[in-house]
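Chemist: got a sequence here, can you model it:
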Amino acid sequence: MDSISIKVPVTVKAKLTEKLRTKMRTEMEEGISRAELELQQIGIQEKRVMQEAEQGDLTPQAIDNINMIRQERQRRMEYVEQTRVQLEELEKFAEGAEIIQGTIERQVEAKVGDDMRELMNVEILVEDDKIIAIRS
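Modeler: Got it, this is the predicted structure:
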């Protein structure tokens, strides 16, 4: 066998423009608002479960529910904190900075003697949803 078809990752980067900064800021702020609302709902749910537990026996199921609720609250609190940090970092980036948006996969034909690093190191640069460069 002299060749094989493989999938390799492609890094997708976006050039920071004011339009992208505004979009990212809005998404982050909406995510924080959603998480804060969920935290309020979790707090109400926790109070209800605690009241039920105080009225009756503290069954293993009630303890599991309380622990699960507390874990959910902790996850939401961590999300809010991380997103606020990301929001602060976003404001520090200069316009034109390249921000990693994620990865996609591409199919390549690898042959004996090919440079694997060359096959793997490919990235796409996007500006305002338009591909402006493909780099290898």
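Chemist: please count neighbours and contacts with C-alpha atoms only from this point.
Modeler: Will do.
Chemist: same for the worst-scoring helix or strand of the chain on mean pLDDT, what does it pack against?
Modeler: Sorted by mean pLDDT, DSSP states H and E, the helices and strands of the chain end with helix 116-120, the least confident at a mean of 86. The helices and strands touching helix 116-120, judged by 3 or more C-alpha pairs under 8 Å, 6 or more residues apart in numbering; DSSP states H and E, are strand 3-15.
Chemist: show me what secondary structure element comes after the least confident helix or strand of the chain.
Modeler: Once helix 116-120 ends, the next helix or strand along the chain (criterion: DSSP states H and E) is strand 123-127.
Chemist: tell me which strands that next one pairs with, and in which orientation.
Modeler: strand 3-15 (parallel), strand 130-135 (antiparallel) (DSSP bridges).
Chemist: still on that earlier bit, buried set for the least confident helix or strand of the chain?
Modeler: For helix 116-120, burial by neighbour count (16 or more other C-alpha atoms under 10 Å) applies to L119, M120.
Chemist: quick one: contacts of that helix?
Modeler: V8, P9, V10, V108, A110, S136 (C-alpha atoms under 8 Å, 6 or more residues apart in numbering).
Chemist: how far away from the center of its chain is that helix?
Modeler: How far helix 116-120 lies from its chain's middle: 26 Å, per C-alpha atoms, centre = their mean, to the nearest Å.
Chemist: re earlier: which one of the strands paired with strand 123-127 is the most hemmed in?
Modeler: strand 3-15 (a mean of 16; mean count of other C-alpha atoms under 10 Å).
Chemist: what about dumping the CA coordinates of it to CSV?
Modeler: C-alpha atoms of strand 3-15 as CSV (Å, rounded to 0.1, in the frame of the first residue of the first chain):
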residue,chain,number,x,y,z
SER,A,3,-1.2,5.7,0.1
ILE,A,4,-4.0,6.0,2.5
SER,A,5,-6.9,8.4,2.9
ILE,A,6,-6.9,10.1,6.3
LYS,A,7,-8.8,12.8,8.1
VAL,A,8,-6.7,15.6,9.5
PRO,A,9,-7.7,18.7,11.6
VAL,A,10,-7.8,22.1,10.1
THR,A,11,-7.6,25.1,12.5
VAL,A,12,-10.1,27.8,11.8
LYS,A,13,-9.1,31.3,12.8
ALA,A,14,-11.0,34.6,12.6
LYS,A,15,-9.6,38.0,12.1
